[in-house]
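> Any chance you can model this:
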Amino acid sequence: MFPLTLVQYVKLGLCVAVLAFSWYLGFSFANNRFLEYKADQATKTAQIEKDYQAKAAQIESYKNAQIRDINSKLVDAVNELRKRPGRTESASSGSCGTGSTLFAEDAIFLRREAARADEVRAGLEACYKQYDTLSK
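I've put the predicted structure just below:
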């Protein structure tokens, strides 16, 4: 009725149990190694992110200092430019190209545009620095 003896069935059962137990031990060992690797990578990634954020904050503070400097120079320049004569109905046909004969309104407008361009340039430089920092 049974092709194998009872002892052979017991041996076969023990072999299957040993194989299952060894598979479990191998899986457990590999899984633990993987979890350690994953935790190590997470720690390294967090440290790299912290370093990049510190560099980005330093670049941002430098950019903000530049913009504050630009704005303070703008305020000083506008105060000085307000002392110029205002625009009149009769336009002078001065041939001077230095800007010293500009009316107050025109000079203030141009100085504000120059300050705005300097702010954009400072932001662009900060963007380039931050990108270069990350791409190293």
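> where's the helix or strand of the chain with the lowest mean pLDDT relative to the chain centroid, distance-wise?
In the chain, no helix or strand scores lower on mean pLDDT, DSSP states H and E than helix 104-135, which sits at a mean of 92. Distance of helix 104-135 from its chain centroid, counting by C-alpha atoms, centre = their mean, to the nearest Å, is 19 Å.
> what do you get for stretch 27-41?
Taking C-alpha atoms, centre = their mean, one finds stretch 27-41 lying 31 Å from the centre of the chain it belongs to.
> all numbers from here: first residue = 163
I'll keep to 163 as the first residue from here, and by that count the last item is stretch 189-203.
> Grab the CA positions of it and hand them over as PDB.
The C-alpha trace of stretch 189-203 is given here as PDB (Å, rounded to 0.1, in the frame of the first residue of the first chain):
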ATOM      1  CA  PHE A 189      16.700  34.300   4.300                       C
ATOM      2  CA  SER A 190      16.900  35.700   7.800                       C
ATOM      3  CA  PHE A 191      20.700  36.300   7.400                       C
ATOM      4  CA  ALA A 192      20.300  38.000   4.000                       C
ATOM      5  CA  ASN A 193      17.300  40.100   5.200                       C
ATOM      6  CA  ASN A 194      19.300  41.300   8.200                       C
ATOM      7  CA  ARG A 195      22.200  42.300   6.000                       C
ATOM      8  CA  PHE A 196      19.900  44.100   3.600                       C
ATOM      9  CA  LEU A 197      18.200  46.000   6.500                       C
ATOM     10  CA  GLU A 198      21.600  47.000   7.900                       C
ATOM     11  CA  TYR A 199      22.700  48.200   4.400                       C
ATOM     12  CA  LYS A 200      19.400  50.200   4.000                       C
ATOM     13  CA  ALA A 201      19.900  51.800   7.400                       C
ATOM     14  CA  ASP A 202      23.500  52.700   6.500                       C
ATOM     15  CA  GLN A 203      22.400  54.200   3.200                       C
END
